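Return atomic coordinates for the entry below.
(4 chains)
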Protein chains: 2
Amino acid sequence: MNTLSYGLLSLLTKNSRSGYELMQHIQPFWSAKHSQIYPLLAQLEQKGHVAFVHVLQSDKPDKKVYSITEQGKDALRGWIAEPTDEPVTRDELALKMYCIGLVDKEQARNMLAVREVYYRKKKERFNTLMDKLQQGSEKPLDQLEIGDDAFGMYVLVHKATMKVDTDLYWCEWMKEKLK
Amino acid sequence: MNTLSYGLLSLLTKNSRSGYELMQHIQPFWSAKHSQIYPLLAQLEQKGHVAFVHVLQSDKPDKKVYSITEQGKDALRGWIAEPTDEPVTRDELALKMYCIGLVDKEQARNMLAVREVYYRKKKERFNTLMDKLQQGSEKPLDQLEIGDDAFGMYVLVHKATMKVDTDLYWCEWMKEKLK
DNA sequence: TGTTTATATGTCAATAATGACATAAAGGAG
DNA sequence: CTCCTTTATGTCATTATTGACATATAAACA
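From the prediction side, this is the model:
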């Protein structure tokens, strides 16, 4: 089983979700298209790690809501105990910046500006996520502990926020360099 | 042509390098194994974007040193002008942290400690890179401009350093949470 | 002298991931 | 009533990436 499969199981420890919802919720932390997720869910179901029920909706198309099984939780615990892969980042803009001297300042500034917009939108989304998290929690978020249900999501959104802030700082710094 | 191919061309705008050296130099910014790089270099050579010469070495095995051609530089400029893909990050530890409540604090702390060592080593490597960059430059690094040869490498190493510092801050923050 | 490590280049099968194609229900805008 | 968007699920061909296999030179170490 690949990492994304375990990632899907991870999400399902908190809520039962459809494939479509899983896609939306995992994407901020692990980019994956629906065409990868649906086949993996079918695999997980065959192995008995998840089970699903058809849920009929009147306002939207019907969906298949997946839940993690006890067997799935066992698999998850086994995965967590194993050595963790190193993180992988692939940023095309970084490669372009390496040889940015090939183009003029104006074009370089423009590339940075596009990326900055992307980061700002991303930051907004994480802020929204954090707000929603606070609304669903009795405790203030900074008092959440490892046992609390929202702890995992909280530390991830915090990490993501720190990262996007750093990315924005770098953009600002670059703008100065390209003045 | 894929992004990695352009990344290799980017590196070759600064120095002629062997496939092995290209692998070592691109990995901090775009993870790729030699088994991906060698075939791409062969492709680039066939297309006339790079050319190579055999270089005989007495202390080490002989190598093929690649240089970018004018045609290759044109291809690069075309690539830079195109819209840039969004960055992709895949961090298995983040997925594990989402459901960290499945294991005890001790195990969680241990996972963080392993990752912290990884980040510290990475930070060391970027510090070394920055030192080497300064040694090879007449100007102080913070006075480099877009036209300078070392500018691209400088801004990338700066970005990487900012990122790894943020990652280390997050590790420290997590350690507090898991006390 | 044998062993390990780093350098160096390559192929190939398997896996991971994307993009295109396909379908369909429901809501909203015009 | 038609078009567009969102939700929803799926398949399949192609591309990207990895891991295993393969070979070879040279230094360092025991």
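
what does the average pLDDT come to for stretch A:139-158?
Per-residue pLDDT over stretch A:139-158 has a mean of 97.

Pull the distance from it to the chain's centre.
16 Å (Cα atoms, centre = their mean, to the nearest Å).

for residue A:141, what are its contacts?
With contact taken as Cβ atoms under 8 Å, 6 or more residues apart in numbering or on different chains, residue A:141 is in contact with A:130, A:133-134, A:150, A:154. Glycine gets a C-beta too; all of them are placed from N, C-alpha and C.

mind putting the residues you listed in CSV, distance to residue A:79 and neighbour count included?
Shown next, in CSV, are these (distance: Cβ to Cβ, whole Å; neighbours: other Cβ atoms under 10 Å in any protein chain shown):
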residue, distance to residue A:79, neighbour count
A:130, 27, 17
A:133, 25, 16
A:134, 30, 13
A:150, 21, 18
A:154, 21, 20
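
Among the residues you listed, which one sits closest to residue A:76?
Residue A:76 lies nearest to residue A:150 out of the contacts of residue A:141, by Cβ to Cβ, at 18.0 Å.

Give the closest residue to that closest one in space, chain neighbours not counted.
Excluding the flanking residues, the one nearest residue A:150 by Cβ to Cβ, 6 or more residues apart in numbering or on different chains is residue A:137, at 5.3 Å.

any idea how far the one you found lies from residue B:179?
20 Å (Cβ to Cβ, to the nearest Å).

So those two - more neighbours on which side?
Between residue A:137 and residue B:179, residue A:137 has the larger neighbour count (other Cβ atoms under 10 Å in any protein chain shown), namely 17 against 7.

how about the contacts of residue A:141 in TSV, adding secondary structure and distance to DNA strand D?
Below are those laid out as TSV (DSSP: H, G, I helix; E, B strand; the rest coil; distance: Cβ to the nearest atom of the strand, whole Å):
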residue	secondary structure	distance to DNA strand D
A:130	helix	20
A:133	helix	19
A:134	helix	22
A:150	coil	22
A:154	helix	24
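
Grab the two from these that are most spread out in space.
Farthest pair in those, by Cβ to Cβ: A:130 and A:150, 10.7 Å.

Domain map for chain A?
A:3-81, A:92-177 (automatic domain parsing).

Quick one, which of these gets closest to DNA strand C.
Closest to DNA strand C of these, according to Cβ to the nearest atom of the strand: domain A:3-81, at 2.7 Å.

Compare the domains of chain A and give me the one nearest residue B:122.
domain A:92-177 (14.7 Å).

now check that closest one, is it near DNA strand C?
No: Domain A:92-177 is not in contact with DNA strand C by Cβ under 7 Å from any atom of the strand; minimum separation 11.2 Å.

Can you show me the helices along chain A?
A:3-12, A:19-26, A:34-47, A:70-81, A:92-98, A:105-135, A:151-177 (DSSP state H).

Can you convert those helices into JSON lines and add a column each for distance to residue B:166?
What follows is those, written out as JSON lines (distance: least, Cβ to Cβ, whole Å):
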{"stretch": "helix A:3-12", "distance to residue B:166": "22"}
{"stretch": "helix A:19-26", "distance to residue B:166": "22"}
{"stretch": "helix A:34-47", "distance to residue B:166": "28"}
{"stretch": "helix A:70-81", "distance to residue B:166": "24"}
{"stretch": "helix A:92-98", "distance to residue B:166": "16"}
{"stretch": "helix A:105-135", "distance to residue B:166": "14"}
{"stretch": "helix A:151-177", "distance to residue B:166": "4"}
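
what's the distance between residue A:52 and residue A:146?
In terms of Cβ to Cβ, residue A:52 sits 29 Å off from residue A:146.

Neighbours of residue A:161, how many?
For residue A:161, using other Cβ under 10 Å, the count is 17.

Which residue is most remote from the mean position of chain A?
Ranked by distance from the centre of chain A (Cα atoms, centre = their mean), the top residue is residue A:104, with 34.9 Å.
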